[in-house]
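Peer 1: Sharing a model prediction with you, sequence too.
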Amino acid sequence: AGYRTITPEDALAFLKEEAPLPPKALLLLFEGGRKDSVVYTVKPFQKTGFFGTLCLPSQIMRSRGAFYLHRSDLQRIAQLGFWQFAGMGDRAIDEIPIGPDGETGHFLTQRLWTESGAEELEAFQQRVAADYADCVNTIEEETGVRPIAYVYPFADAGHGPEADPEAERINREEVTRYFDLAFVQAHSPFNGPGRDPFMLTRLRVPGRLTGEELVRELDGYAPQFDTVGETHDASSWQVDGTV
């Protein structure tokens, strides 16, 4: 269908207007640090020349098991030549206590409940900052490459109604300190010129889709090439779905 995979570095260069992308450029993100992401892609990648980006929550890689990658696996994976790496936080995937009655919430966007009540603002920011740092440092230690892209667990960067009023500011400050790109929402795969590199969107692909259905889905988000009305300057076009 003409799609070509790119790296996070390619995406960053495009968004910074430093280099163009090939037509139908596709950044393939594999979230969650699952072993099957690596095992079942070897043959398709060898056949197509495609490659992907593993999005890793570094906490789960500390324990050995059959389901998740261990941090010691990363060096061998890096040598395969098919993979780049991105972060998904360290404990950012965890639910944390946020109230006295056992309520739970998101690690990055809500205040931890302690014996003395909700944590103070300074402690909140320190906890969030440490999570970004732990994630990026773990991946760099094992692969020798510092990841530049981040994928928010739960697509939550602090914009939701349940988020702490300071969560959006804190996460923006910390993600820009450690990364160059961040993916938030999961409703659209199209990121055009001028998009905020820390507010990128992606398409979460249902496992029920066939290859043909996925291509049709992607094509539906592609930029249009025929002008409509008086809009003749293609640089001003922005496409969201079929609109």
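Peer 2: Received the coordinates, thanks.

Peer 1: does Thr138 belong to a helix or a strand, and which?
Peer 2: Assigned by DSSP states H and E, Thr138 belongs to helix 121-143.

Peer 1: Next up, phi/psi of the residue positioned nearest the centre of the chain, please.
Peer 2: Geometric centre of the chain, nearest residue: Val151, 2.3 Å, by C-alpha atoms, centre = their mean. Backbone dihedrals for Val151, given as degrees, to the nearest 10, come out at phi -120, psi 120.

Peer 1: now swap in Trp83 and tell me
Peer 2: When read as degrees, to the nearest 10, the backbone of Trp83 gives phi -130, psi 140.

Peer 1: So what's the gap between the helix holding Thr138 and the chain middle?
Peer 2: Distance, stretch centre to chain centre, for helix 121-143: 16 Å (C-alpha atoms, centre = their mean, to the nearest Å).

Peer 1: Strands along the protein, start to end?
Peer 2: Using DSSP state E, the strands of the chain run over 4-5, 25-26, 29-31, 52-56, 83-87, 95-97, 104-106, 113-114, 117-118, 149-151, 181-183.

Peer 1: for those strands, which one ends up most surrounded?
Peer 2: Highest mean neighbour count among those (mean count of other C-beta atoms under 10 Å): strand 149-151, with a mean of 27. Glycine gets a C-beta too; all of them are placed from N, C-alpha and C.

Peer 1: Which elements pack onto that strand?
Peer 2: strand 52-56, strand 83-87, strand 181-183 (3 or more C-beta pairs under 8 Å, 6 or more residues apart in numbering; DSSP states H and E).

Peer 1: and the first one, what other elements does it pack with?
Peer 2: Judged by 3+ C-beta pairs under 8 Å, 6+ apart, strand 52-56 is in contact with strand 29-31, helix 35-39, strand 83-87, strand 149-151.

Peer 1: Cheers, nothing more for now.
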